[in-house]
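Chemist: One predicted model, sequence on top.
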Amino acid sequence: AQSVAQPEDQVKVAEGNPLTVKCTYSVSGNPYLFWYVQYPNRGLQFLLKYITGDNLVKGSYGFEAEFNKSQTSFHLKKPSALVSDSALYFCAVRHGSSNTGKLIFGQGTTLQVKP
Amino acid sequence: EAQVTQNPRYLITVTGKKLTVTCSQNMNHEYMSWYRQDPGLGLRQIYYSMNVEVTDKGDVPEGYKVSRKEKRNFPLILESPSPNQTSLYFCASSPARDIQYFGAGTRLSVL
């Protein structure tokens, strides 16, 4: 069965420091992996995705994520955090090779960036 | 402007009173989904649709119905709402199995 785990409910970093939000997944076959961000009282917005190719993917707002097949991880990173990055972040996985619309989300990680 | 529109944004109702939350997208996307968001549980998929007249259950379909009679619309129906369906609901659309575009959400309270 497909699953996604975000092991940290909350991540706190100081502005200007690097940040990492962790995600591990379980899916048979090739995964389609996504990161979304949710600001207060808003819907989710797409940040980046991994479908195939280069393991390091770059996305919106300076975020990037590294796909690690052996560790089944897709951690979200940013070299220098901004206060405006404070939000709720979701990792999601879809089975790549099956014709299904099923998408599994992690439970979310709240990122707090302090000035 | 490309968007997914949900209505209403806020809804308070009573147990057992049928309700419908509408969702419409203007991007000609094949895929549409409904999710509920609950604290500590993230987003859980209720139902999804891969095209007109093609729908399938997600992880938490009990107590919900959907229909996809037109490509742009994907309403969520609660025939007999119960308090455990109090939640924040999101509709999303996507081209095939790619990026999802989310609506602004519907906050539902069932008393």
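Modeler: Now that the structure is in, tell me what you want to look at.
Chemist: Which residues of chain A lie near chain B?
Modeler: Contact residues, chain A versus chain B (CB under 8 Å from any CB of the partner chain): A:6, A:9, A:32, A:34, A:36, A:41-46, A:49, A:90, A:92, A:94, A:96, A:99-108. Placement of C-beta: from N, CA and C, glycine included.
Chemist: Which among these count as buried?
Modeler: Burial by neighbour count, judged by 16 or more other CB atoms under 10 Å in any protein chain shown, picks out A:6, A:32, A:34, A:36, A:43-46, A:49, A:90, A:92, A:94, A:96, A:101-108 from the residues of chain A next to chain B.
Chemist: Mind checking which of those residues land in strands?
Modeler: Taking DSSP state E as the definition of strands, these contribute A:Tyr32, A:Phe34, A:Tyr36, A:Leu44, A:Gln45, A:Phe46, A:Lys49, A:Phe90, A:Ala92, A:Arg94, A:Ile104, A:Phe105.
Chemist: For A:Tyr39, which residues are in contact?
Modeler: Contact analysis of A:Tyr39 by CB atoms under 8 Å, 6 or more residues apart in numbering or on different chains lists A:Gln45, A:Ala87, A:Leu88.
Chemist: my read: the first one touches A:Tyr36, true?
Modeler: To tie it back to what came earlier, the one meant is A:Gln45. Yes: using CB atoms under 8 Å, A:Gln45 is in contact with A:Tyr36, at 6.3 Å.
Chemist: Counting neighbours, what do you get for residue 86?
Modeler: Looking at chain A here, since you left the chain open. Counted with other CB atoms under 10 Å in any protein chain shown, residues neighbouring A:Ser86 total 17.
Chemist: Please refer instead to chain B.
Modeler: B:Thr86: 16 surrounding residues under other CB under 10 Å.
Chemist: mind checking how far it is from chain A?
Modeler: If you measure B:Thr86 against chain A using CB to the nearest CB, to the nearest Å, the figure is 17 Å.
Chemist: who's in contact with that residue?
Modeler: B:Leu108, B:Ser109, B:Val110.
Chemist: Output these as JSON lines; include the columns secondary structure, pLDDT and neighbour count.
Modeler: Below are the contacts of B:Thr86 laid out as JSON lines (DSSP: H, G, I helix; E, B strand; the rest coil; pLDDT from 0 to 100; neighbours: other CB atoms under 10 Å in any protein chain shown):
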{"residue": "B:Leu108", "secondary structure": "strand", "pLDDT": "97", "neighbour count": "21"}
{"residue": "B:Ser109", "secondary structure": "strand", "pLDDT": "97", "neighbour count": "14"}
{"residue": "B:Val110", "secondary structure": "strand", "pLDDT": "97", "neighbour count": "20"}
